[in-house]
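Undergrad: my questions concern the predicted model and sequence given below.
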Amino acid sequence: MHRINYPRAPDKDTSKDRSMKINIVDHPLIQHKLTLMRRKDTSVRTFRELVTEVAMLLGYEITRDLDLTMETIETPLETMESPLIEGKKLCFVSILRAGNGLLDGLMRLMPSVRVGHVGLYRDPESLAAVEYYYKVPTDIGERLTIVVDPMLATANSSIAAVDRLKQGGAGNMKFLCLLAAPEGVRAFNQAHPDVELYTAAVDRQLNDHGYILPGLGDAGDRIYGTK
């Protein structure tokens, strides 16, 4: 089960901060695995496996409200009415490159899902998002689109990706990340109040370089072992 709440961060109480709208999935398994991911001595292999596992658990929660329809089937013993997901399947859109680290777990959960990619990099000086790649299903406007990126820090890349997807016809969207900063949540809420956010935790703040504190480091580097 997921719920909207505002947890106590390590050095600052955000529990009464109603300027943020975000779904925090506080299941004990997710919180346990997130702690293992935060450890600086966690190996690349273990970190990658944990990302896959947490992505599956978060994917379970973010799809909780999918519409169902009933279909007549035959079990080995009798005929019955049984539920199936109604209408078009989902589309996951990964914000490159780190978003790809979440796809493996999500696609294990939903093997028939369509997948799109938005390539963005963060300018080191301005921290603004710069697009270099865009490829999504042609019928994205008919699908629930779940945008994925491990970290919602400044939210510049996430906002730019959702902007681009809306320009491309996407309408019904949600955003999934492992970890968020209050600054990013507020910025995203302001830019896209119609897009629900889901995360495992909201941390204390950003540092001067736009990294989440206490955070878990650069998720892309830790997933791919590039640093």
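TA: Sure, I can see it.
Undergrad: quick one, helices of this structure?
TA: For the chain, applying DSSP state H gives helices covering 28-38, 44-62, 100-109, 156-167, 182-191, 219-224.
Undergrad: spatially central residue in this structure, please.
TA: When C-alpha atoms, centre = their mean is applied to the chain, the residue found nearest the centroid is residue 176 (1.7 Å).
Undergrad: what about residue 102, how many residues nearby?
TA: 28 (other C-beta atoms under 10 Å). C-beta here means a position set from N, CA and C on the backbone, and glycine is covered the same way.
Undergrad: so what pLDDT did it get?
TA: The model reports residue 102 with a pLDDT of 94.
Undergrad: again, but for residue 131
TA: At residue 131, pLDDT is 85.
Undergrad: test my guess that it contacts residue 117.
TA: No: counting by C-beta atoms under 8 Å, residue 131 does not reach residue 117; the two are 11.2 Å apart.
Undergrad: so those two - more neighbours on which side?
TA: The neighbour comparison of residue 131 against residue 117 (other C-beta under 10 Å) goes to residue 117, with 18 against 14.
Undergrad: any idea how far the more buried one lies from residue 207?
TA: 28 Å (C-beta to C-beta, to the nearest Å).
Undergrad: nearest spatial neighbour of residue 183, chain-adjacent residues omitted?
TA: residue 206 (5.2 Å; C-beta to C-beta, 6 or more residues apart in numbering).
Undergrad: neighbours around that neighbour, how many?
TA: Residue 206: 18 neighbours (other C-beta under 10 Å).
Undergrad: what is it paired to in the beta sheet?
TA: residue 212 (DSSP bridges).
Undergrad: surely it meets residue 181?
TA: Yes: assessed by C-beta under 8 Å, residue 206 is found in contact with residue 181 at 5.0 Å.
Undergrad: hey, what's in contact with both of the two?
TA: 153, 154, 212, 213 (C-beta atoms under 8 Å, 6 or more residues apart in numbering).
Undergrad: what comes up buried for the longest strand along the chain?
TA: What stands out as the longest strand in the chain, according to DSSP state E, is strand 114-122. Within strand 114-122, the residues scored as buried using 16 or more other C-beta atoms under 10 Å are 114, 115, 116, 117, 118, 119, 120, 122.
Undergrad: residues contacting the last one?
TA: Applying C-beta under 8 Å, 6+ apart to residue 122 gives the contacts 128, 129, 130, 154, 156, 157, 210.
Undergrad: just name the closest of these to residue 191, please.
TA: Ranked by distance to residue 191 (C-beta to C-beta), the contacts of residue 122 are led by residue 156 at 9.7 Å.
Undergrad: picking that back up, check the contacts of residue 122 and tell me the two furthest apart.
TA: Maximum distance among the contacts of residue 122 (C-beta to C-beta): 14.4 Å, for 130 and 210.
Undergrad: so residue 24 bridges to which residues?
TA: Beta-bridge partners, per DSSP bridges, of residue 24: residue 3, residue 199.
Undergrad: check whether it really touches residue 200, as I assumed.
TA: Yes: under the criterion of C-beta under 8 Å, residue 24 makes contact with residue 200 at 7.2 Å.
Undergrad: how close does residue 128 get to residue 91?
TA: For residue 128, the distance to residue 91 - C-beta to C-beta - is 26 Å.
Undergrad: between the two, which one's more packed in?
TA: Of the pair residue 128 and residue 91, residue 91 is the one with more neighbours under other C-beta under 10 Å, namely 24 against 13.
Undergrad: so what's the more buried one up against?
TA: Contacts for residue 91 (C-beta under 8 Å, 6+ apart) come out as 113, 114, 115, 116, 136, 137, 140, 143, 144, 145, 146.
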